[in-house]
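**Q** dropping the sequence and predicted coords here.
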Amino acid sequence: MIYNDLIKNLGKSKAQIYANANQKALDKIAEIVSEKKIKCEFERIPLYIYTESENKVEKISQEVKAAKELGLPVSQVDNVPLPFNTASALMYENQAQFHPRKYLLALAENFDGNGCHIFENTSAITVKDGNTKEVITDKGSIWADNVVVTTHTPVYDPDNLKKHLHPARSYVMGLYINGEFPEGMFIDFDPTHTYRTTPTDKGKLVIVAGEHSSIDVTNREEYYSRLENYSKQHLDVKSIEYQWSSHDSISDDSLPMIGMTSSDGIYVATGFGFWGMNNGTTAAMIISDMIDKKNHLDNIFDPLRF
Ligand SMILES: Cc1cc2nc3c(=O)[nH]c(=O)nc-3n(C[C@H](O)[C@H](O)[C@H](O)COP(=O)(O)OP(=O)(O)OC[C@H]3O[C@@H](n4cnc5c(N)ncnc54)[C@H](O)[C@@H]3O)c2cc1C
């Protein structure tokens with residue numbers, strides 16, 4: 001639920017660039033999975049953004065109109081295959097669901113060691129600018145010509161981007177239900193709750209997320225308990241197997257920050273607004289192009305735009 005606001009606040013051409021970037025990132029992930037034959041349960045299924053409330057149907061209609069205007073594969077539907085009543089939904093066809101960790105482990109295996117290394121259990125403390133940059137970590141230093149800071153809130157932040165980033169926490173539960181969960185991904189947009197699934201030996205695990213809060217709440221149990229109640233009100237829950245929470249950050253204008261900081265050769269990718277699998281892929285494409293000196297002068301995600 002972003003395109004209507006983007007068109008209103010930033011204009012159609014910027015909204016169009018963002019829509020295209022999202023489609024391109026989705027295609028890129030599909031291409032990588034197929035080329036590298038990654039077993040990450042990648043499947044093409046629809047995404048429904050729905051509301052249970054008649055009062056919010058108009059918002060869905062406006063978003064459908066905006067997304068259509070941008071050429072996205074979207075339509076408004078009254079029948080959502082969820083096991084409870086909904087008022088209306090926006091359906092994106094041909095979206096993708098996959099297991100992010102299996103995908104990332106396969107990407108990591110493709111690092112060849114020839115100048116490419118992954119240092120696990122190592123905290124970056126800051127970056128020292130210079131012709132060759134120095135990433136100072138708790139285990140020692142790493143030198144490089146180009147550095148990309150992707151630590152969420154940037155650990156090196158010469159432009160005080162923090163000022164334009166709002167961190168948030170999502171709460172997540174993995175549970176089994178009695179009966180079959182329908183095919184598709186589902187998002188109740190206000191207040192936000194989402195449903196995804198992943199196959200397991202015991203059947204489909206349903207991943208329910210929501211109850212966003214600021215990141216520094218002391219009593220997380222309260223939020224898990226709300227999410228549990230929400231899940232039980234909407235699904236016939238058999239067992240809750242997992243719970244965890246995750247961080248994300250949202251920028252002032254809801255677009256990600258992707259590009260070079262004011263320090264030459266030091267890049268940043270953050271502010272993904274709960275959409276970092278897609279936006280992270282966009283960031284990888286843009287920043288690798290920039291390092292290769294390909295032109296990105298019209299980069300609407302430029303972190304210095306504020
Ligand atoms: C249930 C659920 C469903 C989602 N669905 C979607 C979806 O459909 N589409 C979509 O696009 N997105 C989705 N997301 C959101 C997406 O997963 C996040 O937006 C994304 O993971 C954020 O990426 P990131 O790189 O900014 O942060 P992270 O993935 O959190 O990565 C930041 C990394 O930096 C590391 N780090 C932090 N500080 C340091 C330091 N000092 N030194 C070294 N390393 C450090 C952390 O360990 C971490 O690995 C979903 C998230 C959840 C929880």
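**A** Nice, thanks for sending it over.
**Q** so what pLDDT did Gly210 get?
**A** Per-residue confidence at Gly210 stands at 96 (pLDDT).
**Q** which of the helices or strands spans it?
**A** Element membership of Gly210, judged by DSSP states H and E, is strand 203-213.
**Q** what is the next helix or strand after that strand packed up against?
**A** Proceeding N to C from strand 203-213, the next assigned helix or strand is helix 220-234, under DSSP H and E. Packing partners of helix 220-234 (3 or more Cβ pairs under 8 Å, 6 or more residues apart in numbering; DSSP states H and E): strand 165-177, strand 203-213, strand 237-251. Every residue, glycine included, has its C-beta placed from N, CA and C.
**Q** helix 220-234 near the ligand anywhere?
**A** No. Against the ligand, helix 220-234 shows no contacts by Cβ under 6 Å from any ligand atom, the least distance being 11.1 Å.
**Q** now the strands for this structure?
**A** 43-51, 74-77, 88-97, 124-128, 133-137, 140-144, 147-149, 165-177, 185-189, 192-200, 203-213, 237-251, 257-260, 266-270 (DSSP state E).
**Q** and the closest residue to the ligand within the chain, how many residues sit next to it?
**A** Closest residue of the chain to the ligand, Cβ to the nearest ligand atom: Gly276 (2.4 Å). Neighbours of Gly276 under the rule other Cβ atoms under 10 Å: 21.
**Q** so who does it touch?
**A** Contact partners of Gly276, counting by Cβ atoms under 8 Å, 6 or more residues apart in numbering, are Asp248.
**Q** cool, Tyr195 as well?
**A** Counting by Cβ under 8 Å, 6+ apart, Tyr195 has contacts Leu82, Phe181, Met185, Phe186, Ile187, Val206, Ile207, Val208.
**Q** so where's this protein shaky on pLDDT?
**A** Low-confidence segments of the chain (pLDDT under 70): none present.
**Q** any chance of the helices and strands packed on helix 220-234 in TSV, plus mean neighbour count and distance to Gly271?
**A** Below are the helices and strands packed on helix 220-234 laid out as TSV (neighbours: other Cβ atoms under 10 Å; distance: least, Cβ to Cβ, whole Å):
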stretch	mean neighbour count	distance to Gly271
strand 165-177	19	6
strand 203-213	19	16
strand 237-251	15	4
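**Q** just put the contacts of Tyr195 in TSV and tack on distance to Ile118.
**A** Formatted as TSV, the contacts of Tyr195 follow (distance: Cβ to Cβ, whole Å):
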residue	distance to Ile118
Leu82	39
Phe181	35
Met185	29
Phe186	34
Ile187	32
Val206	32
Ile207	26
Val208	31
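**Q** and the ligand, which of the residues you listed reach it?
**A** Within those, those near the ligand by Cβ under 6 Å from any ligand atom are Ile207.
**Q** find the residue closest to Val268 in space, skipping its chain neighbours.
**A** Of all residues not flanking Val268 in the chain, Val149 sits nearest, at 4.8 Å (Cβ to Cβ, 6 or more residues apart in numbering).
**Q** what of Gln62?
**A** For Gln62, the closest residue by Cβ to Cβ, 6+ apart turns out to be Asn4, at 4.8 Å.
**Q** next to the ligand, which bits of the stretch 151-300 of the chain? Give me the list.
**A** Residues of the stretch 151-300 of the chain found near the ligand (Cβ under 6 Å from any ligand atom) are 151-152, 155, 170, 172, 194, 196, 207, 209, 246-248, 270, 272, 274-278, 280.
**Q** list the helices and strands the longest helix seen in the chain packs on?
**A** If each helix of the chain is counted by residues according to DSSP state H, the longest one is helix 12-35. Under the contact criterion of 3+ Cβ pairs under 8 Å, 6+ apart, helix 12-35 touches helix 3-10, helix 57-69, strand 88-97, helix 100-109, helix 276-291.
**Q** buried ones in the last one?
**A** Across helix 276-291, burial judged by 16 or more other Cβ atoms under 10 Å covers Gly276, Met277, Asn278, Asn279, Gly280, Thr281, Thr282, Ala283, Ala284, Ile286, Ile287, Met290.
**Q** how many neighbours does the nearest residue to the third one once chain neighbours are set aside have?
**A** The shortest distance from Asn278 to any residue other than its chain neighbours is 4.5 Å, reached at Ala25 (Cβ to Cβ, 6+ apart). With neighbours defined by other Cβ under 10 Å, the count for Ala25 comes to 20.
**Q** same question, the one 5 residues further on
**A** By the criterion of other Cβ under 10 Å, Ala30 has 15 neighbours.
**Q** same thing with Phe186?
**A** By other Cβ under 10 Å, neighbour count at Phe186 equals 22.
**Q** hmm, back to that, could I get the strands of the chain in CSV, plus columns for distance to Ala66?
**A** Converted to CSV, the strands of the chain look like this (distance: least, Cβ to Cβ, whole Å):
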stretch, distance to Ala66
strand 43-51, 12
strand 74-77, 9
strand 88-97, 10
strand 124-128, 39
strand 133-137, 41
strand 140-144, 41
strand 147-149, 32
strand 165-177, 23
strand 185-189, 14
strand 192-200, 19
strand 203-213, 23
strand 237-251, 19
strand 257-260, 23
strand 266-270, 25
